[in-house]
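Undergrad: structure for the following, please:
(chains A and B)
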There are 2 protein chains.
Amino acid sequence: MKGRDLALLTDLYELTMMQGYFTTGAYNKKVVFDLYYRKNPSGNGYAVTAGLQQVIEYINGLRFTKDDIDYLTSLNLFSEDFIDFLKDFRFSGEIYAIPEGTVVFPHEPLLRVKAPIVEAQLLETALLNIINHQSLIATKASRVVWAAQGDPVMEFGLRRAQGPDAGVLGARAAVIGGCCGTSNVLTGKLFDVPVKGTHAHSWVMSFPNEITAFRAYAKLFPDNCLLLVDTYNTLKSGVPNAIKVFQEMKAAGMLKGKYGIRLDSGDLAYLSKCAKVMLEEAGFGDAIISASSDLDENLIASLKSQGAKINLWGVGTKLITSDDCPAFGGVYKLAAEEDENGTFVPKIKLSNNPGKVTNPGIKKVFRFYDKNTDKIKADLIALEHETVDESQDMVIRDSNAKWRKMELEAGTFYVKELLVPIFIDGKQVYESPQTMDIQAFCNSEKKSLWDEHLRLNNPHIVPVDLSEKLSQLKNRLIDEMSTN
Amino acid sequence: MKGRDLALLTDLYELTMMQGYFTTGAYNKKVVFDLYYRKNPSGNGYAVTAGLQQVIEYINGLRFTKDDIDYLTSLNLFSEDFIDFLKDFRFSGEIYAIPEGTVVFPHEPLLRVKAPIVEAQLLETALLNIINHQSLIATKASRVVWAAQGDPVMEFGLRRAQGPDAGVLGARAAVIGGCCGTSNVLTGKLFDVPVKGTHAHSWVMSFPNEITAFRAYAKLFPDNCLLLVDTYNTLKSGVPNAIKVFQEMKAAGMLKGKYGIRLDSGDLAYLSKCAKVMLEEAGFGDAIISASSDLDENLIASLKSQGAKINLWGVGTKLITSDDCPAFGGVYKLAAEEDENGTFVPKIKLSNNPGKVTNPGIKKVFRFYDKNTDKIKADLIALEHETVDESQDMVIRDSNAKWRKMELEAGTFYVKELLVPIFIDGKQVYESPQTMDIQAFCNSEKKSLWDEHLRLNNPHIVPVDLSEKLSQLKNRLIDEMSTN
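TA: Residues are numbered from 1 along each chain as shown, chains lettered A, B, ... in the order given. Prediction:
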């Protein structure tokens, strides 16, 4: 996001509302907005947060350039006073967020903005855009990587991504979610993540025949020689020619790095098993057998269960678009606003759909871990000034099913707060880790879940409760609203 | 794309192959690649091309900056000679393309690159990324707009788009596909398309009550006063309060522009019918009733068939992500390469899947129109030097079903060529029209289809044939390859 003019990356209604607050004089009233989501994508048991680094860059760069101002003026919608006000617009507020790579659950504030309403309102669209996108792809990647059961997974969906950012930031998110690298060179450059790749069918087709193409490639890249074997006929031509080239490399003492084959079409279970036998018989049992071809977590899980002999997975389209669920569904809702005395008054939005009723007030999130296993027991959404006393027993209920309760005995658990300060008084107070460090953190996060939470279908759900005080507040506001 | 450094927006293997061609000395060999797709998205009967303007900007800006060069050097994959070569890299080739907004069909080259292989190879990923994304969204938008049967459709999916570009360029593509405008202000600024919007629930919630919020909004934006009526209770509170404010505006002589309500939740069929009655009874029969809430073309078609009284549609998530089909699936395949004598030799790629066998040679696309109706009769993919004589009878077959033939009598049809020159010798020779002009062109394009081609489900298919010469060439190459 650095160096890009994104002040207008917003819905027009944010600007018309901003002018509204400006005109009524309410624009400096401080408010609190929560960014959260309601449902895990793809039927997953958790989500992985991502995008915070780009949010930080967006906010640091947030100003209306002369071009922006000229354009807004040309719309004949905004008053001169308001336009003047925008010329000096800077974010002056506070943001707390859950760090990237964290395992999160529905209804937890991933990001909490406290700022004058005219500022908090502007951020809505861009923050949702960035967090929704990257959290979606990080979560999808986490599913795909889980399915591969420890085999490395490569992201290479750039050509099917929804535009350049979706490719570049999507690859970043995929790496956060666990991919070992990406084919996307720009992502490699911008985020210092491993880039990988071999050759395409066009390489093979541009030579008089397959073996000449393989030889040329092996000569150029002997240290990382993955040969694409399906241009003509995988088992009759591709694999035998690859084996011939590996034999030549071995004879010449060149077979010292990574080498192997890539399957990109056909029945991957069958072809990989046959190729494995052929490679082993020729003395190349340690060759990599990589596969691509419209893979996703379900297909990988199926291939694994069929005993496919694939040990490197390349995943493109269905990861970079989160094919089965291409939107994360994060929302940004008013939770509190300052009254004349400077007190924050909690706000609620009702809905006919109970899941869409907002949680009022300024909130934080406690995570309870089991002391023996370091696994997550439950999360608790509480009000800002609440604390948890680890020396006291706790009862956690599932906020969707209050009759389900979990008793936590003092001494058996410890607690962590998830939201950390990112901006205070408009100044950045948090440094984003490097992407590979976020990946390492995310890997450790996933270790705090049981396999039952991680599985692809019908996962076991980690309970997320509202604190007693937050529950009471919510019920009181619901009662007040309903009797109006 | 202007001003952005996108040379590394590519898969690593494009660069390793480029180094390969560079090292073997083949890098200056001219080749022809076709960009085409195999299947219409969302079960549609056609696609709408989009993204060419961004392709042009990408190519014009294509150079490796010092940063790019430093990064590539740091990978320890590339030779000094090759890195030096990249420093002066410019596109020097030729590109033909089908203009944006054109109705197209599977297997037609949307874009044809003729260039030294080292250049043509680099373009692959970025061109696919750009064209795939925008053609996908333009096609989806075209479906949504068709379902709305003439009612205006607004795009407002930025918050759920897959990153900033997906929002900004997706909104551009949505407008090309027929949306009357977008909420995305940056798209408005960059592409001079109408931006629209009203207010959010947070506006209503930030006032002591709903009617105060409505009054404040009406005072600010009397000319375009769409009030969101579902914050508390649509029929008991929202619509009555909106009517009260319209009455006050009318009494004050302020009700001169567009005004109405927006429904954003609940049963839109029921609520719109009730709201229509209430508005009519109060003398506001001309009020706009707009609706949003996870809409797509199928839901709009269903609401239409239920007689919902909605006359303005806001479509977000499912349009901007093309929810049911989030990737276009375009590919970029080698079609010909120059031999030592400077002759272009056609190339083919076989596949076990007949639909994946490529069409060899340098090709163009003829479109046949009926002289009386100006409707498309069929398309013909032919070799570069073929012509069509309108004074001769023609027979067109469906290339997927050769037994289905269409006889075109001389005098009853006329022909248009779809591919036009965009770059010649690396120089841009084509000016992209303004986005709204592309929309107008796309509207006229859709008029060249019958309703049976345009319908959402199981559309009638326009036949696309291969010319006799192209068919013969393809069959000959298939025979040659199979007997190898």
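
Undergrad: from now on I want contacts and neighbour counts done on CA atoms only, so please keep to that.
TA: Noted.

Undergrad: what residue of chain A is the furthest out?
TA: The centre of chain A is farthest from one residue, A:A251, which by Cα atoms, centre = their mean lies 45.9 Å away.

Undergrad: how far away is that one from chain B?
TA: Per Cα to the nearest Cα, to the nearest Å, A:A251 is found 22 Å from chain B.

Undergrad: and that residue, what pLDDT?
TA: On pLDDT, A:A251 comes in at 96.

Undergrad: same check on the one 10 residues further on?
TA: At A:I261, the predicted lDDT confidence score is 97.

Undergrad: that one: which element?
TA: strand A:258-263 (DSSP states H and E).

Undergrad: who touches that strand?
TA: A:222-230, A:234, A:239, A:242, A:271-272, A:287-292 (Cα atoms under 8 Å, 6 or more residues apart in numbering or on different chains).

Undergrad: make a ChimeraX selection of the buried ones in these.
TA: Under the burial definition 16 or more other Cα atoms under 10 Å in any protein chain shown, those of these that qualify are selected in ChimeraX by:
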select /A:222,224,225,226,227,228,229,230,234,239,242,271,272,287,288,289,290,291,292
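
Undergrad: find the centremost residue of chain A, please.
TA: Taking Cα atoms, centre = their mean, chain A has its central residue at A:S135, 2.5 Å away.

Undergrad: run the contact check for the helix or strand encompassing that residue versus chain B.
TA: Taking DSSP H and E as the criterion, A:S135 maps to helix A:117-147. Yes. For helix A:117-147 and chain B, the contact criterion (Cα under 8 Å from any Cα of the partner chain) is met by A:125-130, A:132-134.

Undergrad: which SSE is immediately downstream of that helix?
TA: strand A:153-155.

Undergrad: and that following strand, what does it pack against?
TA: Applying 3 or more Cα pairs under 8 Å, 6 or more residues apart in numbering or on different chains; DSSP states H and E, we find strand A:153-155 packed against helix A:164-176, strand A:181-182, strand A:312-315.

Undergrad: from the contact counts, what lies against the second one?
TA: This points to strand A:181-182. strand A:153-155, helix A:164-176.

Undergrad: most tightly packed of the ones you listed?
TA: helix A:164-176 (a mean of 30; mean count of other Cα atoms under 10 Å in any protein chain shown).

Undergrad: that helix: how far from the chain's middle?
TA: 9 Å (Cα atoms, centre = their mean, to the nearest Å).

Undergrad: what ranges do the strands span in the stretch 1-150 of chain A?
TA: Per DSSP state E, counting those that start in this stretch, the stretch 1-150 of chain A carries strands over the ranges A:30-36, A:47-48, A:94-97, A:103-104, A:111-116.

Undergrad: mind checking which of these is nearest chain B?
TA: strand A:30-36 (8.9 Å; Cα to the nearest Cα).

Undergrad: who does the closest one pair up with?
TA: strand A:111-116 (antiparallel), strand A:331-338 (antiparallel) (DSSP bridges).

Undergrad: before we move on, the earlier item: out of the strands of the stretch 1-150 of chain A, flag the one nearest B:L86.
TA: B:L86 sits nearest to strand A:47-48 of all these, at 38.1 Å, using Cα to Cα.

Undergrad: I'd like to know which elements that closest one is packed against.
TA: strand A:103-104, helix A:117-147.

Undergrad: in TSV: the ones you listed, plus mean pLDDT.
TA: Shown next, in TSV, are the helices and strands packed on strand A:47-48 (pLDDT from 0 to 100):
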stretch	mean pLDDT
strand A:103-104	98
helix A:117-147	98
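
Undergrad: what's the most buried one of these?
TA: The most buried one of these (mean count of other Cα under 10 Å) is helix A:117-147, showing a mean of 27.

Undergrad: any idea of the angle that one forms with helix B:164-176?
TA: For helix A:117-147 against helix B:164-176, the angle by axes from the mean of the first three to the mean of the last three Cα atoms, to 10 degrees is 100 degrees.
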